[in-house]
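Engineer: here is my input; please provide its structure:
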Amino acid sequence: MDKIGRRPLLLCSVAGMIASLGCLGFGLTIIDHSNEKIMWAIVLCITMVLFYVAFFSIGMGPITWVYSSEIFPLKLRAQGCSIGVAVNRVASGIVSMTFISLYKAITIGGAFFLYAGIAAVGWVFLCIMLPETQGRTLEDMEVLFGKFHKWKQANAPLKNKQVDHNSNGNNTANDGRFS
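Structural biologist: Alright, predicted model coming up:
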């Protein structure tokens with residue numbers, strides 16, 4: 001995560017999840033509309049589930065927790081992370097509780113195409129709204145996230161900024177006091 005960066009891993013992860021969900025939707029649609037057992041479609045579906053889990057594990061799974069711990073100021077970190085966990089669990093519950101009704105309404109393949117579409121919207125959101133946070137200080141995070149959607153303009157001066165590190169490797173501000 002530290003070699004490649006959080007943002008590229010997250011974007012690649014979500015892109016792989018989109019492709020996996022799309023192929024899974026395709027395979028399940030073929031199986032649903034067939035009267036015979038189509039072995040290649042079954043293998044495709046199993047493979048896409050494995051790919052989905054792999055792509056989720058390299059980015060979306062771990063990096064969302066790293067991002068949430070980095071972007072909140074120290075004063076609000078516990079509250080922000082706890083709200084993030086609650087929203088995550090509620091969203092997971094909603095997906096779990098509505099899946100059967102959804103696939104009965106729009107077919108099982110259609111449900112996974114819908115999930116792929118939602119993931120594609122998420123990818124665009126991440127691409128536009130989420131900056132790289134690797135190696136940034138808390139002060140840098142306040143500059144990046146204080147502008148909300150204008151992080152690209154806020155990021156330019158931070159790239160040119162020289163960071164002073166004291167001998168123990170900690171970046172301190174305000175004469176050694178943390179704020």
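
Engineer: which residue ranges of the chain form helices?
Structural biologist: Assigned helices in the chain, in chain order: 6-32, 39-55, 61-71, 77-106, 108-129, 138-146, 151-160 (criterion: DSSP state H).

Engineer: hmm, who's touching the second one?
Structural biologist: So that's helix 39-55. The contact list for helix 39-55 (C-beta atoms under 8 Å, 6 or more residues apart in numbering) reads 12-17, 19-21, 23-24, 26-28, 30-31, 34. C-beta: built from backbone N, CA, C; applies to glycine.

Engineer: hey, which helix or strand in this protein has the poorest pLDDT?
Structural biologist: Each helix and strand of the chain was given a mean pLDDT (mean pLDDT, DSSP states H and E); the minimum falls on helix 151-160 at a mean of 57.

Engineer: got the helices of the chain as a markdown table, with mean neighbour count columns?
Structural biologist: Putting the helices of the chain into a markdown table (neighbours: other C-beta atoms under 10 Å) gives the following:
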| stretch | mean neighbour count |
| --- | --- |
| helix 6-32 | 20 |
| helix 39-55 | 15 |
| helix 61-71 | 16 |
| helix 77-106 | 12 |
| helix 108-129 | 16 |
| helix 138-146 | 16 |
| helix 151-160 | 12 |
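
Engineer: pLDDT below threshold where in the chain?
Structural biologist: Applying pLDDT under 70 to the chain picks out residues 1-2, 144-179.

Engineer: what do you get if the cut-off is 80, keeping everything else the same?
Structural biologist: Applying pLDDT under 80 to the chain flags the ranges 1-5, 69-74, 129, 131-179.

Engineer: tell me how far C12 lies from M60.
Structural biologist: Using C-beta to C-beta, to the nearest Å, we find C12 at a distance of 10 Å from M60.

Engineer: which residue lies nearest the spatial centre of the protein?
Structural biologist: Residue closest to the average C-alpha location in the chain (C-alpha atoms, centre = their mean): M60, at 3.9 Å.

Engineer: need the contact list for G80.
Structural biologist: Taking C-beta under 8 Å, 6+ apart as the test, what G80 contacts is 68, 71-72.

Engineer: pick the one among the residues you listed closest to G5.
Structural biologist: Nearest to G5 among the contacts of G80: I71, at 15.0 Å, using C-beta to C-beta.

Engineer: let me know whether that closest one touches M141 as I believe.
Structural biologist: Yes: judged on C-beta atoms under 8 Å, I71 makes contact with M141 at a distance of 5.8 Å.

Engineer: fine by me, we can end here.
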